[in-house]
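Asks: Sequence and predicted structure, then a few things I'm wondering about:
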Amino acid sequence: MKRSWFAYPYSLWMVIFTIAPMIFVVYFALTDTSGALSLANMAAVGQETYLKILWRSLYLALICTVICLLLGYPAAYFLASRDFNRNQTLFVLILLPMWMNFLLRTYAMMSLMENSGIINTLLKAMGLEPVRMIGTEGAVLVGMVYNFLPFMVLPIHTSLKKMDQRVIEAAEDLGANPAQVFRRVTLPLSLPGVISGITMVFMPAVTTFAISRLLGSGNFMMFGDLIDKQFLELNNWHFGSSLSLVMMALIIVSISLLNKADPKGEGSAM
Amino acid sequence: MIEDTHLIELKGVSRTFGDTPALKNINLYIRKREFVTLLGPSGCGKTTMLRIIGGFEYADEGQVLFEGRDIANVPPYKRRINTVFQKYALFTHLNVYDNIAFGLNLRKMPKDEIARRVGRMLRLVKMEGYEKRSVDSLSGGQQQRIAIARALVNEPEVLLLDEPLGALDLKLRREMQLELKSMQQQLGITFIYVTHDQEEALTMSDTVVVMNHGCIQQIGDPKRIYDEPKNAFVADFIGESNIIAGTMIEDELCEMFGQEFPCVDEGFAPNEPVDIVVRPEDVMVVGEDVGQLAGEVTSVIFKGVHYEMMIRTDAFTWKVHSTTMQPVGTRVGLTIVPFNIHIMHKAGGQ
């Protein structure tokens, strides 16, 4: 029996839930309500309101990715270090949020940051002024970082972990002090993991929805929210599809750019 | 060539991993420009010793001196020692040129000086024209050469080599052995070489250090180690041997299988039990009636230059190497000249 047979159920799944919807998206994006071919919806994406939302999504996703990288690399480095090998507690703590649904996590963040939420209640109890968090850009960013951080830590941790210890020793042997070992050997060799982490954070961050609505009190609509709204609230499938198509194009461009930075595909972003 | 100064000295060095002692009270000095080989079976502590000298491992007890100074607290990157690692440990994110230039770049050497030195190294290891190649695309032997070049380009006082030829096929190994030896003589650098291959050790070294179970068994030049192994372990590990339990009756006379044999060793206690070692090539096959012993050929294997015959006598089966073959079943006599009988104290006492 041919092994390829085992992939059939998955192929069928792909056709029904990935390829068919994509065809629908393209169809709806390029037609109007009467079903005639039309570029009007695609053109409408270019309106300033929508470009602004798109820009905000890219901008927030970029900041989120940078923060995740700055927090995630040291964490991954620490977790992969030899001294830490046996203790799994911190590792589990970092992964824990990944095992829960992101809406649950976001609701939890909400109750923490609300005006009369847990943090402000504590501040009041200590006699301090309450801080307005919910509804700010900062709250949205904190929510995004919280949700996406594990996706940065994991691939970097993996690439650091599988690094040959002898290569580090070879660098020391050739005269590299600890800082030079990191800059000239560890960091470049972990780059595939970094690129994979960036991909895994940036992509879902750009298409974020719900987080911005729940933590931003609707003040910071992102591209994902916009698409969500077209389909579920306004019932405008044609414009929603046009927005989705633009989003997909953006993702494909980003991935191909990232793949260029990792020609051997070791980070296997795609 | 070799200078008398002790470049590296190990004094009472011990190292234990968990409950397993890897090195036990090692005392050894290495002279400038010497080619020293640490030889022993796997797990004998030779790699641990090399790593302690390189600074990647520490000694629980004892001292490691470099030019007379204790270097216990000197990190690897400050030691004037470079290493060729067992699996080469090349930098896969750098090309051949940048791999070799790694150490020089760290020293902030001018670019043209780096280019000159790297070029000279590539010539030395016969890898000119490979500068821009990725190290992943090289064969085992080529990676090996790059690893050697990467270490040697820094002109270290000492080069440590951890079984560097282990992954190569026999022909390439032999070539590289000769090349390494000639490089060492050309550059005048001290080599400390770890191997479990006795032939490699004998071919290349000025001094061989035979190790077993974390202890040094014998230190000496290859010829001495081969001709006068200090105990049965060394005799067995270095080349092939017939090892027979016997007694030393008096100076220059030993006994095995209840028969007396003249030998050349002296200084043993009267009737001391000893190990008697005879190399297979030192057993002479003669006519049945004229030999000291008589036996029958039980097997013959052709080994290229010589035949290896097993010859059974009453009490012992001898391994004999000879260029003339006796067919299986032939009755022959065996003779051993006194000079070729090596008497050793029983294992345990040194």
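Replies: Right, received. Where do you want to start? The structure displayed is predicted, hence computed values, not measured ones.
Asks: What pLDDT is listed against residue A:166?
Replies: Per-residue confidence (pLDDT) for residue A:166: 90.
Asks: Excluding chain neighbours, what is closest to residue A:173?
Replies: Spatial nearest neighbour of residue A:173, chain neighbours left out: residue B:83 (4.7 Å); criterion: CB to CB, 6 or more residues apart in numbering or on different chains. All C-beta atoms are positioned from the backbone trio N, CA, C, and that covers glycine.
Asks: and that neighbour, how many residues sit next to it?
Replies: By the criterion of other CB atoms under 10 Å in any protein chain shown, residue B:83 has 31 neighbours.
Asks: these two touch, right, it and residue A:170?
Replies: Yes: with contact defined as CB atoms under 8 Å, residue B:83 and residue A:170 form a contacting pair (7.2 Å).
Asks: How far off centre is stretch A:250-264?
Replies: When C-alpha coordinates are averaged (CA atoms, centre = their mean, to the nearest Å), stretch A:250-264 and its chain have centres 15 Å apart.
Asks: Of all the residues in it, which ones are buried?
Replies: A:250-251, A:254, A:258-259, A:262 (16 or more other CB atoms under 10 Å in any protein chain shown).
Asks: same check, this time on stretch A:124-137
Replies: Within stretch A:124-137, the residues scored as buried using 16+ other CB under 10 Å are A:133-137.
Asks: what sits against residue 42?
Replies: Unless you meant another one, I'm taking chain A. Shown in contact with residue A:42 (CB atoms under 8 Å, 6 or more residues apart in numbering or on different chains): A:29-30, A:242, A:245-246.
Asks: that's the wrong chain, I meant chain B
Replies: residue B:196.
Asks: Point to the residue nearest the middle of chain A.
Replies: Central residue of chain A (CA atoms, centre = their mean): residue A:201, 2.8 Å from the mean position.
Asks: Look at that one and tell me its secondary structure.
Replies: Classification of residue A:201 by DSSP: H, G, I helix; E, B strand; the rest coil places it in helix.
Asks: what sits up against the helix or strand of chain A with the lowest mean pLDDT?
Replies: Counting by mean pLDDT, DSSP states H and E, the weakest-scoring helix or strand in chain A turns out to be helix A:89-95, with a mean of 77. Residues from elsewhere that reach helix A:89-95 (CB under 8 Å, 6+ apart): A:75, A:78-79, A:84, A:149-150, A:153-154.
Asks: returning to what we had before: tell me if I'm right that the residue nearest to the centre of chain A and residue A:66 touch.
Replies: No: contact criterion CB under 8 Å: residue A:201 and residue A:66 do not qualify, at 9.6 Å.
Asks: any idea which helix or strand carries residue 146?
Replies: No chain was given, so I picked chain A. In this structure, residue A:146 sits in helix A:137-161 according to DSSP states H and E.
Asks: my bad, chain B
Replies: Going by DSSP H and E, residue B:146 is part of helix B:140-152.
Asks: And for residue A:90, the neighbour number?
Replies: Neighbours of residue A:90 (other CB under 10 Å): 12.
Asks: Oops, could you answer that again for residue B:98 instead?
Replies: By other CB under 10 Å, the residues close to residue B:98 number 17.
Asks: do the one 3 residues further on as well
Replies: Neighbourhood size, residue B:101 [other CB under 10 Å]: 23.
Asks: ok so, going back, so which of the contacts of helix A:89-95 is surrounded by the most neighbours?
Replies: The most crowded member of the contacts of helix A:89-95, judged by other CB under 10 Å, is residue A:153 (25 neighbours).
Asks: export the helix holding residue B:146 as PDB, just CAs?
Replies: C-alpha atoms of helix B:140-152 as PDB (Å, rounded to 0.1, in the frame of the first residue of the first chain):
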ATOM      1  CA  GLY B 140      34.900  14.900   6.200                       C
ATOM      2  CA  GLY B 141      38.500  15.100   5.300                       C
ATOM      3  CA  GLN B 142      38.200  18.600   4.000                       C
ATOM      4  CA  GLN B 143      36.300  19.700   7.200                       C
ATOM      5  CA  GLN B 144      39.200  18.100   9.100                       C
ATOM      6  CA  ARG B 145      41.700  20.200   7.300                       C
ATOM      7  CA  ILE B 146      39.700  23.400   7.900                       C
ATOM      8  CA  ALA B 147      39.500  22.600  11.600                       C
ATOM      9  CA  ILE B 148      43.200  22.200  11.800                       C
ATOM     10  CA  ALA B 149      43.800  25.400   9.800                       C
ATOM     11  CA  ARG B 150      41.400  27.300  12.000                       C
ATOM     12  CA  ALA B 151      43.400  26.300  15.100                       C
ATOM     13  CA  LEU B 152      46.900  26.600  13.700                       C
END
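Asks: strands paired with whatever helix or strand comes next after that helix, and their directions?
Replies: With elements assigned by DSSP H and E, the helix or strand that comes after helix B:140-152 is strand B:158-162. Within its sheet, strand B:158-162 is paired with strand B:81-84 (parallel), strand B:190-195 (parallel), according to DSSP bridges.
Asks: Any chance of JSON lines for the buried residues of stretch A:124-137, columns distance to chain B and pLDDT?
Replies: Shown next, in JSON lines, are these (distance: CB to the nearest CB, whole Å; pLDDT from 0 to 100):
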{"residue": "A:133", "distance to chain B": "43", "pLDDT": "83"}
{"residue": "A:134", "distance to chain B": "45", "pLDDT": "82"}
{"residue": "A:135", "distance to chain B": "45", "pLDDT": "80"}
{"residue": "A:136", "distance to chain B": "41", "pLDDT": "84"}
{"residue": "A:137", "distance to chain B": "38", "pLDDT": "85"}
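Asks: which other residues reach the helix or strand hosting residue B:200?
Replies: Assessed by DSSP H and E, residue B:200 sits inside helix B:198-204. Surrounding helix B:198-204, the residues in contact under the criterion CB under 8 Å, 6+ apart are B:35, B:37, B:39, B:165, B:173, B:177-178, B:180-181, B:193, B:195, B:208, B:222, B:225-226, B:237-239.
Asks: Skipping its backbone neighbours, what lies nearest residue B:103 in space?
Replies: That would be residue A:174: by CB to CB, 6+ apart, it lies 3.8 Å from residue B:103.
Asks: Phi, psi for the one you found please.
Replies: When read as degrees, to the nearest 10, the backbone of residue A:174 gives phi -90, psi 0.
Asks: Could you pull up the residues touching it?
Replies: Contacts for residue A:174 (CB under 8 Å, 6+ apart) come out as B:77, B:82, B:102-103, B:106, B:150-151, B:154.
Asks: rewinding a little: next, format the strands paired with strand B:158-162 as TSV and append mean pLDDT.
Replies: Shown next, in TSV, are the strands paired with strand B:158-162 (pLDDT from 0 to 100):
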stretch	mean pLDDT
strand B:81-84	94
strand B:190-195	95
